[in-house]
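# Provide a 3D model corresponding to the input given below.
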Amino acid sequence: MRPIRLRELTIPERELLKTKLAAKSLTVRKHERYRIVDEASKGRSISEIAERVGCHTDTAYKWVHRFNESGFTTFEAVTNPNGAVPIVSGEQVRNLIRIALSRPEDLGLPFTHWSVKKLKAYLLGQGLLPEITDEWVRRLLHREGVSFQHTKTWKESPDPEFEVKKTASSNSTPRRQREAP
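Here you go, the predicted structure:
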């Protein structure tokens, strides 16, 4: 790493530095940046600054260099104000949930329950999701409150009234009478 020296601080910069170092509301990272400049203003080398502040030498070098270029203007700026570009849109997540809650048979598929792998394959085939991993699909589902139980096998009755009978099964069998002793 090439040596770097801190440029001379102006009077307003010295006052701002003193104020920021005394502030109790700064985040640790922001306070670290001001400490780096403070240590550099005392004529310390990058390795001494890094040791005293408790950061990596690359970090100390970067913030001294940044101060030399633009002063304190970028010290508290948000690093990525717009955030990362979303890969999956809200509409795609809504489609994912809608299809995850539907029955695969109703979509003409030859199985009765979704697995994360089958759901992802179906959505990719329909062009409803970008190329993402099974784990990402599982996490999106979990975030929306949908989880899949791991099933070994499952067979459904061909009876058209199965759903009605299934929910009323507790009342469908008469109770056995106890014999008197």
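# And the most centrally placed residue in the chain, how far from Pro104?
For the chain, the residue lying nearest the average C-alpha position, counting by C-alpha atoms, centre = their mean, turns out to be Arg139 (9.5 Å). Arg139 is 21 Å from Pro104, where distance means C-beta to C-beta, to the nearest Å. Every residue, glycine included, has its C-beta placed from N, CA and C.
# Pro86: which element?
Counting by DSSP states H and E, Pro86 is held by no secondary-structure element, helix or strand.
# mind listing the helices for this structure?
11-22, 28-41, 46-53, 57-70, 90-100, 116-125, 134-143, 162-167, 169-172 (DSSP state H).
# where are the low-confidence patches of the protein?
Counting by pLDDT under 70, the chain shows low-confidence ranges at 1-2, 149-155, 168-176, 180-181.
# any idea how it splits into domains?
Domain assignment for the chain, taken from automatic domain parsing, gives 11-70, 90-150.
# any idea how far the first one is from the chain center?
Mean C-alpha position of domain 11-70 versus that of the full chain (C-alpha atoms, centre = their mean, to the nearest Å) differs by 30 Å.
# what's the span of that domain from first residue to last?
16 Å (C-alpha to C-alpha, to the nearest Å).
# Same check on stretch 19-29?
Distance between the boundary residues of stretch 19-29 (C-alpha to C-alpha) amounts to 16 Å.
# quick one: buried residues of it?
Neighbour-count burial for stretch 19-29, counted by 16 or more other C-beta atoms under 10 Å, picks out 20, 26.
# just stretch 74-88 next, same as before
Taking 16+ other C-beta under 10 Å as the neighbour-count basis, stretch 74-88 is seen to contain the buried residues Phe75.
# Same check on stretch 57-68?
59-64, 66-67.
# possible to save the helices of the chain as TSV with distance to Ile4?
Written out in TSV, the entries for the helices of the chain read as follows (distance: least, C-beta to C-beta, whole Å):
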stretch	distance to Ile4
helix 11-22	17
helix 28-41	8
helix 46-53	7
helix 57-70	5
helix 90-100	45
helix 116-125	49
helix 134-143	42
helix 162-167	73
helix 169-172	78
